[in-house]
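Novice: Got a predicted model here, sequence first, then my questions.
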Amino acid sequence: MKTLGWIRLFLLAGIAGLAAPSRAVEPTVYSDISSNDAFLPTGSLDNPNTGGDNADHDLTDWNYGDAGTLVIASGNSQYVDPNTGQTISKGEFQSVIMFSSAEAITLFDATYGAGNWVITSIALSFASNWADAGAIPNNPIFGMIQGGEFVIEWLSDDDWVQGTGNPSNPTQDGVTYDSLSTLLVSEHEVLGSYTYDPPGSSVRLTWNLPLTDNLIADISAGDDLSFLMYAGDDTINYLFNSNRYGNDNEPKIIITAIPEPSVLGLAMVGGLFALGRRFRRMAFTLPEVLVAISLIAIAASVTTNWINSGIEKARGIECTGNLRQWGVALQLYIQDHDGFLPRRGQGVRPVTVIDRDEDWFNNLPPYLEMSPYKELYARGQVPRPGRRSVFLCPSATIPADCQHFISYGMNMYLSRWDQRDASRIMQLPRPSSLAFLADSPGGYASTVPSGSEYSVVARHSGGANVVFVDGHVQRFPGGYLGCGSGDISQPDVRWKTEVAGDTWKPNL
């Protein structure tokens, strides 16, 4: 009987202490297709489409909201026609897309209780029936499929209309390229720069978005989410299917949520009470009760670890999004400054000088529609841990006696103040493997993996995020980067400029 009693006890504890919480912590994923979308072309002399008036090749005031595709292409994107040998440009294409989040709220509230949930990831997912590099779509309005960089922005203005136009019959009853200026009057936010590599037809590509205040606020309110997408370089020509195409190739938004820790605590307490009621009916002894409580405590510990893991993953994604935004700002700065990069700020010493306009934390924020750091400091608005800001990695903690807290640092080898000029993109070999910004301790404007206090910090489950000079972001294990050792010899994440005659190195 004693053996059977213990068996019953373990079964009971398993049911009451583990089954209920495991249901509570299961992440919930919401997915839906776009409610509105449209591509916005400029047209060109090489583009045979003449709009709805058949008068010229200016397409900026015509709507194509009922087309089966969306397009992101640079106005400088060119290709050689394989039949004629001519160099052709079809003009610039931007795209706008809208999703409703109302049903996501309904799903999360029904699963965890009203408002008792936390969003851990937001992503956009696109597929295309024209996604082979070098392919030329049948409709001559579109150019050759090519890879490259593109940018996603959040728009606060959701008051735009998809329209009914298409390449065969453009209209003026919806959003157009010319109307973009109206949308951009309201608040908008760069979410990141992304690299498109044509994967082949009908293959879904998923683009993770940073968990910004604006996105979280829109979703929490059940509002519409609008995004603008445009070229980030001169090569990209990215076609993907719109919500009219069907065949499960429509654009999708994917939102994942988990319960708040307090909800899980209640689930544990509920399991304990359920167990207590059974104790009274089954007359278990005190030792048996104590064992059951211990089992529930173990279950609580496992659940807490699971939640912490999910929260850390969300923080890592948000950090990646922050660095993508800095990467976009860098590309825009380089274009405006004849290829020069911003200055790195101070090197091996903590930040004390913040008033130089040339330093990255002052000259890049305006490209993200933010104030320079020096102005934030003057107004007493410097971001601190616990607040959302592109200056702050959500996993960063503020060091003691840190006056100027910026949780990212620029590559210490770049744009040093001991050089007459800042680093220049055309003089830097292989920018796609040359680090620009990385997770840093917080009190330093520049960083490099080392055994010193200014070293890159591996605060994301033992890894650190790095944005490269070409704008892409990647995470690396701290040991691989050289955090703590100063071994920075990895070929795919470089810190030294490799410019001839530049032998400088910090005190590692």
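Specialist: Yes, it's here. Numbers count the residues shown, from 1 in each chain.

Novice: Quick one: the strands in the stretch 151-300 of the chain, in order.
Specialist: 188-196, 205-209, 224-231, 237-241, 252-259 (DSSP state E, counting those that start in this stretch).

Novice: roughly how far is the first one from the heart of the chain?
Specialist: Its chain's C-alpha centre lies 7 Å from the corresponding centre of strand 188-196 when counted by C-alpha atoms, centre = their mean, to the nearest Å.

Novice: Pull up the pairing partners for that strand, direction included.
Specialist: Strand pairing for strand 188-196, determined by DSSP bridges: strand 148-155 (antiparallel).

Novice: And for the partner strand, what's in contact with it?
Specialist: With contacts defined as C-beta atoms under 8 Å, 6 or more residues apart in numbering, strand 148-155 is touched by 72, 74, 77, 96, 124, 183-184, 186, 188-196, 207, 209, 212, 214-215, 218, 225-238, 328, 331, 471. Yep, even glycine has a C-beta here, placed from its N, CA and C like the rest.

Novice: redo that, cut-off 7 Å
Specialist: 72, 183, 188-196, 207, 209, 212, 214-215, 226-233, 235-236, 238, 328, 471 (C-beta atoms under 7 Å, 6 or more residues apart in numbering).

Novice: for stretch 183-193, same thing?
Specialist: The contact list for stretch 183-193 (C-beta under 7 Å, 6+ apart) reads 149, 151-157, 160, 209-210, 212, 214, 232, 321, 324-325, 327-328, 331, 368, 471.

Novice: Drop anything exposed from these.
Specialist: Using 16 or more other C-beta atoms under 10 Å as the burial test, the contacts of stretch 183-193 include 149, 151-156, 160, 209-210, 212, 214, 232, 321, 324-325, 327-328, 331, 471 as buried.

Novice: What's the local residue count around R379?
Specialist: Residues contacting R379 under the criterion other C-beta atoms under 10 Å number 9.

Novice: and it, what does it touch?
Specialist: Contacts of R379 (C-beta under 7 Å, 6+ apart): none.

Novice: pLDDT at V269, what is it?
Specialist: On pLDDT, V269 comes in at 48.

Novice: same question, A24
Specialist: 42.

Novice: that older thread, out of the strands of the stretch 151-300 of the chain, nearest to A435?
Specialist: strand 188-196 (15.8 Å; C-beta to C-beta).

Novice: Which helix or strand lies directly C-terminal to the one helix or strand Q325 maps to?
Specialist: According to DSSP states H and E, Q325 maps onto helix 286-336. Using DSSP H and E, the helix or strand that follows helix 286-336 in sequence is helix 360-363.

Novice: Identify all contacting residues around that next one.
Specialist: 333, 342-345, 356-357, 372-374, 406, 410, 445.

Novice: what's the closest of those residues to A257?
Specialist: Among the contacts of helix 360-363, I406 lies closest to A257 (C-beta to C-beta), at 30.4 Å.

Novice: Identify the residues contacting the closest one.
Specialist: So I406 contacts 351, 361, 373, 391, 442, 445 (C-beta under 7 Å, 6+ apart).

Novice: Helix, strand, or coil at the fourth one?
Specialist: When states are read from DSSP: H, G, I helix; E, B strand; the rest coil, the local structure at F391 comes out as coil.

Novice: going forward, begin numbering at 30 instead of 1
Specialist: With the count now opening at 30, the last piece we talked about shows up as F420.

Novice: how about it, phi and psi?
Specialist: Main-chain torsions, F420, degrees, to the nearest 10: phi -80, psi -20.

Novice: Near it, how many other residues are there?
Specialist: 21.

Novice: pretty sure it is in contact with P412, am I right?
Specialist: Yes: with contacts counted by C-beta atoms under 7 Å, F420 reaches P412, the gap being 4.9 Å.

Novice: sorry, back to before: mean confidence for the helix holding Q354?
Specialist: Throughout helix 315-365, pLDDT has a mean value of 72.

Novice: try stretch 65-81
Specialist: 93.

Novice: Give me the buried positions along that stretch.
Specialist: 65-73, 75-76, 78, 80.

Novice: List the contacts of I265.
Specialist: Applying C-beta under 7 Å, 6+ apart, we find I265 in contact with 101-103, 106, 175-179, 225.

Novice: Dump stretch 170-185 to CSV, keeping only the CA atoms.
Specialist: Taking Å, rounded to 0.1, in the frame of the first residue of the first chain, the C-alpha atoms of stretch 170-185 are listed here in CSV:
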residue,chain,number,x,y,z
ILE,A,170,6.7,46.8,-65.9
PHE,A,171,9.1,44.8,-63.7
GLY,A,172,12.9,44.4,-63.9
MET,A,173,15.2,41.5,-63.5
ILE,A,174,15.2,39.7,-60.1
GLN,A,175,18.3,40.7,-58.2
GLY,A,176,19.5,40.5,-54.5
GLY,A,177,20.5,43.3,-52.3
GLU,A,178,19.6,45.4,-49.3
PHE,A,179,16.2,46.8,-48.4
VAL,A,180,14.7,48.8,-45.5
ILE,A,181,11.5,48.3,-43.5
GLU,A,182,9.9,51.3,-41.8
TRP,A,183,7.0,51.4,-39.4
LEU,A,184,4.3,54.0,-40.3
SER,A,185,2.0,55.6,-37.7
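
Novice: Thank you kindly, that will do.
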